[in-house]
Structure formats: structure tokens, C-alpha cells
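In: Pasted the sequence and its predicted model underneath.
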Amino acid sequence: MITAQALVKQYGNKVAVDSIDFTVRPGQVTGFLGPNGAGKSTTMRMIVGLDKPTSGRTEVNGRPYREHRAPLREVGVLLDAKAANGGRSAYKHLLAIAATHGIGAARVKEVIGLAGLDSVAGKRVGGFSLGMGQRLGIATALLGDPATIILDEPVNGLDPEGVRWVRTLMRNLAAEGRTVLLSSHLMSEMAQTADRLIVIGRGRILADDPIADVISGATRSVTRVRTHESERLMATIAGPGVVVSVLADGAIEVSGLTAEQVAVAASTAGIVLHEIASMSGSLEEAYIALTAGEVEYRSSSAAGTGAHK
């Protein structure tokens, strides 16, 4: 388990993390989301003792990270895939780290196989692609068979097979009862991997809920309907809180009623429906809605970027 209590980090006059509280529980994958500069990496660094909080505290498995006698066996961390010594082979890199915690060569070979690095285990890390470096970083995080795993952008640079591998691995680790904290900018991947989300913006917690609740709370669900009797259907379902829009393709979009309620109303009125479907918001839409006012670095719109002659 990971906990943060009244956690603050200031750099001069800039508040990077602004008195946040959260708990990352075992048995589920918790996604950690936020725009660039939101405080995600700073928070992760404070959790594992790389940055000292200005105030507040963090704990991993019941105590501050620095107080663990064998931290590699408590928490596996990937914050920078380029941190490995480029002159060493992948195998020797892992072996050297394992030796600091009395971990044997058998476990090193095990995580090499788990990460799909068998064919490059004897090659120098300096020649690795970004994706292979990510795999090595994940293998390093898993060396101590830790109860808690913290991975910052682990799918960065991975091909589709590698992304799917990370997704399956994270879910399997959580299913084993481990605590998994995962950050990523790939919303589609996070939607398939995370059970719960912590969303941060300008150093403050914007959401800390199950992923379905985050999506439903920040977006709206609608019912899309097609019928040859559009006007009669709209009159039939009209009522307080019901909003109906006619789309360009002739379909009707209804908010304020479920698909079942619309179907029952249409059936009672003898209106034939040719199509009816519930349309839910996406994680990307929810994320944009939550962080709309919290983006520190905003790109100019494409419409306003003309080429200079």
C-alpha cells in the first residue's frame, strides 16, 4: 500500500505538489494521470525517497521508503528507463543490482525471461532501443518480487505487443494482491488497464475514484436513436430534464433518459425504432474535462498556426 498525507513540495516560490492526500491500495491497478508539470513525477520521486517533501509524508507498506532495510523487496520502481549503465550487458546490470539485496542469479534469469529479454541479455544496454530499455527497467523493478510496483510511463517506446504485455503484467500483478501505481499519457491503454484513477493538476488532486466513476462524473451519457417517426418520438419522451438533439445524419440523441426508458416509451406509443444505443463518455473526454483549467503548457490551436512566408 502507498499513502500520502498532506504532501507538499515547493521549489522556491513554485508549489509543485499542493497538500495532497491519497491511498493506493493492493489488489488493483491505480492509474496516475495529469498534464505535464502537474506534479506526477515529483510525487512518485517523493514516494521512493528521491525527493524530500517540503511537508507531509509518504509511506510504502506502512513506513517511509527510506526506513525499509531491503527496499527492492518492498517496492519496484521504474522512473527513468535510461538509468542503467550503458556499458554493461542487461544480464550484468540486473546481476549487480540483485547483489545489493542478496538476490540470486536464478531470479535475474527469471525476470529476463519475464521481460522478453532472453535474446539480448548479453548485449550492452547502451545499444538498446527505447522499448528494450523499458523492458529492462520493468525487469529491474520486479527483481525483488516486491509487494508494491510504481511505473512511470512504462509503455513509452513499446510496440503494440509490448504495450499488451505491460497491460497483462500489471493486471496479473494486481490480481496477486500487489499494489500497482501506473502513470501513462495513453488514455486508451489506461482505460483498459486501471481499476482506479488519481488525476492531478497543478499539484492538486482533481479526482480519486474508480475509473467508471471518473468517466461518468466528468462526461455525459446519451442514448442515440433512429426512427422514421422522429417528431412523434421527441414529443413522446419530452419531459423535465430530457434534452433531445437531432444530429446531422438524422439520428436523435437523448440525454436524461436511459436507452431502456426510451425503448419502453417508444413501444408504448407504437413507434418503431430502427436503432437504439447507449453512448458513454470516454476516459480521454473525462480527462480533458477534468484538466481543462489545469494545463500549464498549452499548445496553440492548429487554426492559429499559419506558416510564415
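Out: Cool, the structure landed.
In: Next, count neighbours for Ala248.
Out: Using other CB atoms under 10 Å, Ala248 has 5 other residues around it. For the C-beta atoms, the positions are set from N, CA and C on the backbone; glycine is no exception.
In: One more: Arg63?
Out: Neighbours of Arg63 (other CB under 10 Å): 10.
In: mind listing what it touches?
Out: Arg63 makes no contacts at all, as judged by CB atoms under 8 Å, 6 or more residues apart in numbering.
In: how near is it to Val75?
Out: 11 Å (CB to CB, to the nearest Å).
In: the strands in this protein, which residues?
Out: Ranges of strands in the chain, per DSSP state E, are 2-11, 14-24, 28-33, 55-60, 75-78, 148-152, 179-183, 196-201, 204-210, 222-226, 243-246, 252-255, 275-279.
In: Among the ones you listed, which comes closest to Glu285?
Out: Glu285 lies closest to strand 275-279 among the strands of the chain, at 11.1 Å (CB to CB).
In: Which positions within that closest one qualify as buried?
Out: For strand 275-279, burial by neighbour count (16 or more other CB atoms under 10 Å) applies to Ile276.
In: same question for it, mean pLDDT?
Out: When pLDDT is averaged along strand 275-279, the result is 91.
In: gap between it and the chain center?
Out: Here strand 275-279 shows a centroid-to-chain-centroid distance of 28 Å under the convention CA atoms, centre = their mean, to the nearest Å.
In: who's sitting farthest from the centroid in the protein?
Out: Within the chain, Gly270 marks the point farthest from the mean C-alpha position, 46.0 Å out by CA atoms, centre = their mean.
In: what sits against the closest residue to Val243 other than its chain neighbours?
Out: Closest residue to Val243 apart from its sequence neighbours, by CB to CB, 6 or more residues apart in numbering: Ser255 at 4.7 Å. Applying CB under 8 Å, 6+ apart to Ser255 gives the contacts 220-223, 242-243.
In: Mind putting those into JSON lines with pLDDT?
Out: JSON lines is the format used below for the contacts of Ser255 (pLDDT from 0 to 100):
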{"residue": "Arg220", "pLDDT": "82"}
{"residue": "Ser221", "pLDDT": "84"}
{"residue": "Val222", "pLDDT": "89"}
{"residue": "Thr223", "pLDDT": "93"}
{"residue": "Val242", "pLDDT": "93"}
{"residue": "Val243", "pLDDT": "93"}
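In: quick one, helices of the stretch 201-309 of the chain?
Out: 211-218, 230-237, 259-268, 283-291 (DSSP state H, counting those that start in this stretch).
In: Tell me how far the residue farthest from the centre of the chain lies from Arg232.
Out: 9 Å.
In: and the protein, what are its domains?
Out: Structural domains annotated on the chain: 2-209, 220-279, as defined by automatic domain parsing.
In: centre of the chain versus the last one, how much separation?
Out: The reference is to domain 220-279. Centroid displacement of domain 220-279 relative to its chain, using CA atoms, centre = their mean, is 34 Å.
In: ditto for the longest one
Out: From the chain centre to the centre of domain 2-209 is a distance of 12 Å (CA atoms, centre = their mean).
In: Can you get me the start-to-end distance on that domain?
Out: One end of domain 2-209 sits 15 Å from the other (CA to CA, to the nearest Å).
In: With stretch 251-259 instead?
Out: 14 Å.
In: what about the stretch 201-309 of the chain, any weak spots by pLDDT?
Out: Along the stretch 201-309 of the chain, the model assigns pLDDT under 70 to residues 294-309.
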